[in-house]
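Enquirer: what follows is a predicted protein model with its sequence.
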Amino acid sequence: EKLFPLSILNPALPSCRSARKRVRVVVGVSGGVDSAVSLYALHFLGFDVVPVFMRNWDLPNEETLQCPEPQDMHDAERVCNAIGKKLVVLDYVKQYWNSVFSPALNVWKEGGTPNPDVFCNTYVKFDSFR
């Protein structure tokens, strides 16, 4: 814990490992390195982590006719298995299509430069994901 002081995360977090077990933290796990390290670090520090995978897309890539979501979810599950946690999968395909993909296409059609990440953060991650 000296290599990863809790004050970096939040000075109000409990410093005692047994007290942290009572603090539940939901961690979005994408299958990538950043979320895997975050999940592991919080678990290692003693927090009761709940890993969650947001399924936002279900159509294949037009060029490869493959959807990377199954591989991403598999990678997320492997990380969760390594720390003995079950991955919770939430289906946000409809919300993503309606609140992110369609609006981004509309902005693009109007000659703008859409930022789907902003739409996703606003309307899916921090709205639906409560």
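Expert: Arrived safely.
Enquirer: quick one, phi/psi of the residue nearest the centre of the chain?
Expert: In the chain, the centroid-proximal residue (Cα atoms, centre = their mean) is G28; its distance is 2.5 Å. Here is the backbone geometry of G28 (degrees, to the nearest 10): phi -70, psi 120.
Enquirer: so how many other residues sit close to the residue lying closest to Y96 once chain neighbours are set aside?
Expert: Using Cβ to Cβ, 6 or more residues apart in numbering and skipping residues adjacent in sequence, the residue nearest Y96 is N56, 4.0 Å away. Heads up, the C-betas are built off the backbone N, CA and C, glycines and all. Look at N56: counted by other Cβ atoms under 10 Å, it has 20 neighbours.
Enquirer: now do the contacts for N56.
Expert: N56 makes contact with E69, Y92, V93, Q95, Y96, V100, C120, V124 under the criterion Cβ atoms under 8 Å, 6 or more residues apart in numbering.
Enquirer: ok, Y92 - how many residues close by?
Expert: Using other Cβ under 10 Å, Y92 has 19 neighbouring residues.
Enquirer: cool, S35 as well?
Expert: Neighbours of S35 using other Cβ under 10 Å come to 19.
Enquirer: so it: helix, strand or coil?
Expert: Following DSSP: H, G, I helix; E, B strand; the rest coil, we place S35 in the helix state.
Enquirer: right, and it touches V29 too?
Expert: Yes - the criterion here is Cβ atoms under 8 Å, and S35 meets it with V29 at 4.7 Å.
Enquirer: which residues are in contact with both of those two?
Expert: With Cβ under 8 Å, 6+ apart as the test, S35 and V29 both reach A76.
Enquirer: so which residues of this protein form helices?
Expert: Here the chain has its helices, by DSSP state H, at 17-20, 33-44, 69-82, 93-96, 102-109, 116-120.
Enquirer: if we can go back for a sec, which residues are in contact with the residue lying closest to the residue nearest to the centre of the chain once chain neighbours are set aside?
Expert: What sits nearest to G28 in space, not counting adjacent residues and going by Cβ to Cβ, 6+ apart, is V52, at 5.6 Å. V52 is in contact with V26, V27, G28, V29, L87, V88, V89, L90, F129, counting by Cβ under 8 Å, 6+ apart.
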